[in-house]
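Trainee: Pasted the sequence and its predicted model underneath.
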Amino acid sequence: MRKVILAGLAIVAMLASAGHGPRSAEGQGVGGVILPVSFSGESWQPAVYGLPGKKLGNGKITNKGLTAVLKGELDDFAKDFLPLDPGGTVYLYYDSLTSWRVATNPNGQNTVPLTGRVANDGTFWMMGTWNFGTMGSVFAVGKVKFEKGTFNAKSVTGNVYFFSEVIDTGLILKAKTGKPVAVG
């Protein structure tokens, strides 16, 4: 009799769990969050030729310089291709594990959509197309730190790669986020 009861309980347990694979991230606490981003890196203008192997047409990018450009305080080639904002901050809109946006304002206007995937351990790959006065491809890889027990982003760090054939400019940037922004 015990064997029949145990077998019956095993069948009930199997039926109850049938079709229940890994839970989706949406059911595990993924919520939208807005994070300010700081950048540092280098830019290239590959159409500038000279001696092979020499750095020509390269420029250093700092967060301080980018902030001044975004505020309109620094006259720079890049200002014609960036949506300017008096706050001078770039924001990452972490909408889900597969969809992010980037903007120079905390109100969600003029965003650049990025799509890809965040793995269970926080490793991510995101890509998109920049289209403000010029077209360019954006690819980002790195790591998301999650809030405990959720897939909500606490912080994001990584590398951003950009290239535009239209303006013949490439960027390799290190990126890291600050604390989430409360928007109300």
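Mentor: On my side now, so go ahead. Nothing here was measured: the structure is a model prediction, and the numbers come from that model.

Trainee: Can you name the element that comes right after the least confident helix or strand in the chain by mean pLDDT?
Mentor: The helix or strand of the chain with the poorest confidence is helix 2-17; it has a mean of 32 (mean pLDDT, DSSP states H and E). Per DSSP states H and E, helix 2-17 leads on to strand 33-44 as the next helix or strand towards the C-terminus.

Trainee: For stretch 60-77, which residues meet the burial criterion?
Mentor: 61, 63, 65-71, 76 (16 or more other C-beta atoms under 10 Å). Any C-beta I mention is one placed from the backbone N, CA and C, and that applies to glycine too.

Trainee: got it, and stretch 162-175?
Mentor: Those would be 162-164, 167, 169-171, 173-175, for stretch 162-175 by 16+ other C-beta under 10 Å.

Trainee: which residues are in contact with that stretch?
Mentor: 37-47, 61, 81, 130, 134-140, 142, 156-161 (C-beta atoms under 8 Å, 6 or more residues apart in numbering).

Trainee: Can you measure across it, start residue to end residue?
Mentor: End-to-end distance for stretch 162-175: 13 Å, by C-alpha to C-alpha, to the nearest Å.

Trainee: mean confidence for whichever strand or helix holds F162?
Mentor: Using DSSP H and E, F162 sits in strand 153-164. Across strand 153-164, pLDDT averages out at 94.

Trainee: Now do the buried residues in that strand.
Mentor: 153-156, 158, 160, 162-164.

Trainee: Identify the neighbouring strands of that strand in the sheet and state each direction.
Mentor: Sheet pairing for strand 153-164, assigned by DSSP bridges, gives strand 135-146 (antiparallel), strand 169-177 (antiparallel).

Trainee: Strand 33-44 and the first one, what's the angle between them?
Mentor: Spelled out, that is strand 135-146. 130 degrees (axes from the mean of the first three to the mean of the last three C-alpha atoms, to 10 degrees).

Trainee: residues of strand 135-146 that come out buried?
Mentor: Neighbour-count burial for strand 135-146 [16+ other C-beta under 10 Å]: 136, 138, 140, 142, 144, 146.
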